[in-house]
Each structure stands twice: as structure tokens, then as C-alpha cells.
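Trainee: A structural model of the following input is requested.
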Amino acid sequence: MNDTAHALSTSRTLWELLSRRADLTPDRPVLLQDDRHLSFGELRGRAERVAAGLYDMGVRPGTVVAWQLPTRLETALLSFALARLGAVQSPVIPFYRDREVGFALRESKAEYFAVPGEWRGFDHTEMARRLGAKGVFEAYDRLPDGDPAVLPPPPSEGTSVRWIYWTSGTTSDPKGVLHTDRSLIAGGSCLAHALHLTASDVGSIAFPYAHIGGPDYMVMLLLYGFPAVMFEHFALPDALKAYRGHGVTVAGGSTAFYSMFLAEQRKQPGTPVVPTLRLLAGGGAPKPPELYHSVVREMGVQLTHGYGMTEVPMITMGSPDDSGENLATTEGRPPEGMEIRIVDRAGTPVPYGVEGEVRLRGEAVCRGYLDAEQTARAFDADGFLVTGDLGRLTPDGHLVLTGRLKDVIIRKGENISAKEIEDLLHRHPAVRDVAVIGLPDTERGERVCAVVERVPGDVSGDGELSLEDVTSYLRSEGLSVHKLPEQLEVVDALPRNDTLRKVLKYRLRERYS
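Mentor: Numbers count the residues shown, from 1 in each chain. Okay, here's the model as predicted:
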């Protein structure tokens with residue numbers, strides 16, 4: 001991290017960070033969308049006017065304001081306006097519907113709710129009214145506007161809870177995750193520190209801005225002073241025109257995004273799919289080593305992957321100056337200030353190289369959950385967040401994730417890592433993606449089931465991928481016999497969420513159990 005970025009990372013609040021950046025480079029663009037753009041100075045100036053309009057509506061420091069908005073310039077303006085006021089923001093992914101939205105509104109006790117009106121064929125305003133939401137207002141093309149002279153001073157400290165983010169809620173009700181400005185700045189600083197970006201780079205925000213990755217990415221833009229292209233609707237190949245037109249140098253989001261870019265590259269081997277692109281980066285889902293090697297080999301760009309979650313937006317990140325082996329097989333290293341502890345089942349720390357549960361402590365870690373009982377269960381006696389992820393640390397401090405506790409399949413008393421099998425199957429030429437799950441079995445306790453998403457149009461062999469094909473391939477790759485799948489399901493597409501397109505294994509377990 002350069003000296004300017006390091007100095008900016010000490011900002012107490014997100015508004016202070018924006019103000020300091022706007023003072024340094026007021027005319028430099030920060031957000032680009034279609035033929036529109038905002039400079040750092042315009043982002044600060046317009047956000048203050050929006051803050052004044054919100055103040056006229058009754059929003060005050062500490063007021064809880066929920067917003068369910070797509071990835072647009074206006075969304076960033078509204079969010080920074082709320083940061084200027086010191087309101088408590090509760091971003092909600094725009095694809096969520098009555099159950100998740102109603103839960104978020106009730107649990108956060110939101111006093112205002114910003115919606116886009118009718119968006120992508122769905123009437124968000126009508127849903128808000130149906131749910132009995134308070135203070136509903138539309139914030140798509142138009143935003144509240146007022147005279148900044150009415151505003152109170154901006155918040156002076158960044159350690160109060162001002163953000164409520166929501167976990168996916170795929171197996172139960174979502175959890176409200178409590179963040180501060182400082183925890184979000186710390187998370188974004190980790191990302192910025194690892195990627196070695198410069199003011200000449202052009203990034204991209206192709207995921208929902210309401211995701212925890214939204215402020216993560218904005219912090220990076222503010223620290224380094226470069227712009228990013230925003231995508232309200234992201235799909236390839238349609239988005240390639242904007243990537244090429246704006247000269248994007250850094251793209252990504254998660255593993256699924258890497259695969260999408262790689263698929264486009266394979267349509268025109270030897271011709272860069274985005275000529276200016278030099279780096280793919282992201283996190284949020286496991287990265288098969290073979291995907292790393294394919295991207296580097298076929299696209300001619302670097303790929304760095306990291307580890308984060310709603311509770312800790314950035315934990316580790318690969319760096320372009322890491323070795324190829326580390327970039328392919330690890331999640332990178334933590335920044336200064338992030339402590340990673342690997343523990344056994346009794347909670348005792350284990351040595352380097354030994355697998356155990358990953359626990360975390362540091363400024364980027366959330367303050368807990370809205371539910372006090374959930375908070376009490378989430379932290380151990382030393383204040384480390386209990387993640388439920390399994391991994392090991394290398395002697396040089398890189399983190400290797402080996403799966404999740406709930407993804408450990410126990411077959412006849414033997415622990416089997418789903419991720420180990422998935423990484424091997426990703427090398428199979430007929431497999432585009434794969435999820436390995438454990439299914440109840442009266443004889444074995446659990447049986448190993450591989451759910452494979454085939455490469456479109458693949459006609460290798462007899463046109464059908466069989467369980468025998470899969471087990472023979474895994475044997476040839478050296479997988480132990482007791483880990484071989486006993487069931488194979490072939491699907492056109494694995495079920496995914498609408499944020500970082502993670503595979504939803506719980507749906508597969510429900511379907512095939």
C-alpha cells in the first residue's frame with residue numbers, strides 16, 4: 001500500500017475517507033455507468049445534498065434506514081449520504097422477496113425503506129406496502145435533495161454500529177450482521193493492500209452493491225483514487241462492451257465470474273476477451289486450483305483469490321507477487337491486524353500445516369449479530385469469531401481452506417472432504433462445475449454424491465457421463481477408494497444464489513436426499 005493509501009486508511013469514518021480523497025483528487029472519476037460518471041468531488045458534493053434531503057424527511061444520526069436498490073450511481077450516492085448523516089444502514093439484496101425483506105425490516109426496526117419502484121418486472125414499492133414498511137420512498141432516478149447548510153456535523157467516530165448486513169439465510173432465517181465504519185474500512189484496506197493497484201487502474205462492480213463487497217470495493221477506490229464500472233445487470237457477453245469501452249484492468253467478483261470470463265475467452269482463443277484486462281480478483285466461494293491455471297494459461301492474466309464473509313468482509317487475499325503455487329492452492333495471507341487461529345475440536349490451537357477450524361480476530365471482524373444469543377455463540381472465550389470453516393496455515397502464513405464443517409462427509413466413521421473431491425473433478429474435461437455432498441445412508445451413515453454441471457455441448461465418449469467414468473477418473477488422480485462417490489447426478493446448471501453466484505448445496509441435499 002502506498003503512503004497516500006496508508007494515510008487514508010486511518011480515516012475514522014467512511015465520510016471522512018471520502019472527504020479526504022475528494023480533497024486530493026476532486027476531478028478524477030470514481031464511478032462509471034453507461035455514459036454517466038461521478039468524480040470523487042461530485043460524489044461528496046451530491047451525497048451532501050442527498051443527506052440534506054434525507055434530513056428534511058426526518059432522518060437523523062442513528063436512524064435505521066433500510067435500502068433495497070440495484071447497483072447504480074444513485075445507490076452509492078444514497079449510501080454515502082446516510083454515512084454523512086451517521087444513520088444506521090441496512091442494505092438488502094435487490095433479488096430478495098417478501099420473506100427475507102420482511103424479516104430484515106422487522107429485525108432491524110427500520111424507520112425508512114428506500115426501494116427502486118418497479119425493477120426488472122417486480123414492484124418493490126408494492127411489496128414494501130404489503131409488508132407494512134415504514135417511511136417507504138423510491139430512490140432510482142431521483143433522490144431526496146436539500147441544502148447542506150441544514151446538516152449537523154458529520155460523525156466523528158467510526159466504532160459505533162452503523163451497518164446491518166444480512167447473511168444469505170439459505171437454511172434458516174437470515175442473521176443481521178453488525179458492522180462499523182472502521183470494520184468496513186479495515187476490510188477494504190486488506191483488499192487494497194494485497195492487489196497492488198494504482199491510480200491508472202479501472203475496476204468493476206459487477207455484483208450487487210448491497211452485498212458486503214460494495215463498501216469493501218468502495219474503500220479500495222477511495223484509498224487508491226481510481227474508478228470502477230458499475231453494472232446494474234451483469235451478463236456475459238453483453239457486459240463485454242462496457243468492459244472494453246471503459247478499459248477495465250481489474251475484474252472479477254467470485255469463482256463463478258472467473259469461469260464466465262474463461263468461457264468467453266474460449267470462444268476466441270488467442271484474442272484477449274478484454275484487451276486491457278490484467279487481473280481477475282475476488283472471493284466468496286472456493287476456487288479450484290485448475291481454474292487458476294486455466295485462467296492464467298488461456299486468458300494471459302493474473303488471478304488472485306481471497307477469503308471473506310459477511311461477518312468479515314476480507315480476511316485474506318492473494319497478491320500478484322505471490323508464487324503461482326500459492327495463488328492456485330491458497331487464499332492468500334491476512335493483512336496486519338488480522339489474527340487467524342486454527343483450532344482442533346476442543347478449541348486448542350494447532351501447529352502450522354495441521355487442519356482445524358478457522359477462527360478470526362481483528363478490526364475487520366463484525367461486532368456480532370442483532371440477536372444477542374447468536375453473538376454469544378459466535379465468539380470464543382478469547383474473542384475469536386468461530387467461522388465453521390476448515391483450513392490450515394502454511395509456515396509462511398498463507399491460508400489453505402479445506403472445506404466447511406458441515407461439508408465434511410462422515411462415511412463409515414471416516415471424514416471425507418467434499419472440497420478435495422471437487423478440486424479433482426474440476427480437472428475433468430467434461431465437468432464445468434461440481435458440488436459434492438453427503439446424503440443420508442442407512443448402512444454408511446452418509447454416502448458421497450457428486451452433482452456435476454457438464455460442459456455445454458460436450459460430446460466426449462458416448463455423450464453421457466457415468467458414475468464409472470467419474471470413479472475411474474478419480475482413481476487415476478490418486479483419490480483413496482473410501483472417498484469415491486457412490487452416486488452421480490448430472491445437471492444442466494447447479495443452483496446458485498443471486499449475489500456472488502455461490503452453489504446452494506442445501507438445495508442439492510434437499511433434492512437428492
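Trainee: wait, a strand at residue 41?
Mentor: No: the assignment for residue 41 by DSSP: H, G, I helix; E, B strand; the rest coil gives helix, which leaves it out of any strand.
Trainee: distance of it from residue 224?
Mentor: Counting by C-beta to C-beta, to the nearest Å, the gap from residue 41 to residue 224 is 16 Å. Any C-beta I mention is one placed from the backbone N, CA and C, and that applies to glycine too.
Trainee: what about residue 313, helix or strand, and which?
Mentor: In the assignment (DSSP states H and E), residue 313 maps to strand 312-317.
Trainee: tell me the mean pLDDT over that strand?
Mentor: In this model, strand 312-317 has an average pLDDT of 94.
Trainee: what bridges to the residue nearest to residue 165 when sequence neighbours are not counted?
Mentor: Counting by C-beta to C-beta, 6 or more residues apart in numbering, residue 177 is the residue found nearest to residue 165 once chain neighbours are left out, at 4.5 Å. For residue 177, the beta-bridge partners under DSSP bridges are residue 165, residue 369.
Trainee: pLDDT score for residue 459?
Mentor: Taken from the predicted model, the pLDDT recorded for residue 459 is 46.
Trainee: likewise residue 171?
Mentor: Per-residue confidence (pLDDT) for residue 171: 50.
Trainee: show me the contacts for the closest residue to residue 355 other than its chain neighbours.
Mentor: Ranked by C-beta to C-beta, 6+ apart and with sequence neighbours excluded, the top spatial neighbour of residue 355 is residue 392, at 4.8 Å. With contact taken as C-beta atoms under 8 Å, 6 or more residues apart in numbering, residue 392 is in contact with 342, 352, 353, 354, 355, 356, 399, 400, 402.
Trainee: just the pLDDT at residue 392, thanks.
Mentor: In this model, residue 392 is scored at 95, pLDDT.
Trainee: just the angle between the helix or strand hosting it and strand 312-317, please?
Mentor: Assessed by DSSP H and E, residue 392 sits inside strand 385-393. With axes from the mean of the first three to the mean of the last three C-alpha atoms, to 10 degrees defining the directions, strand 385-393 sits at 10 degrees from strand 312-317.
Trainee: could you export the next helix or strand along the chain from strand 385-393 as PDB, CA atoms only?
Mentor: Read in the C-terminal direction, the helix or strand following strand 385-393 is strand 399-404, with elements assigned using DSSP H and E. Once side chains and other backbone atoms are set aside, the C-alpha atoms of strand 399-404 remain, and they are given as PDB (Å, rounded to 0.1, in the frame of the first residue of the first chain):
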ATOM      1  CA  LEU A 399      -4.300 -19.900   4.500                       C
ATOM      2  CA  VAL A 400      -5.400 -23.100   2.800                       C
ATOM      3  CA  LEU A 401      -9.200 -23.700   3.100                       C
ATOM      4  CA  THR A 402     -10.100 -27.400   3.100                       C
ATOM      5  CA  GLY A 403     -13.900 -27.100   3.400                       C
ATOM      6  CA  ARG A 404     -16.600 -26.400   5.900                       C
END
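Trainee: tell me the contacts of the closest residue to residue 211 other than its chain neighbours?
Mentor: If you skip the residues right next to it in sequence, residue 211 has residue 499 as its closest partner in space, 5.0 Å away by C-beta to C-beta, 6+ apart. Neighbouring residues of residue 499 by C-beta under 8 Å, 6+ apart: 93, 95, 168, 207, 208, 211, 284.
Trainee: appreciated, that's everything.
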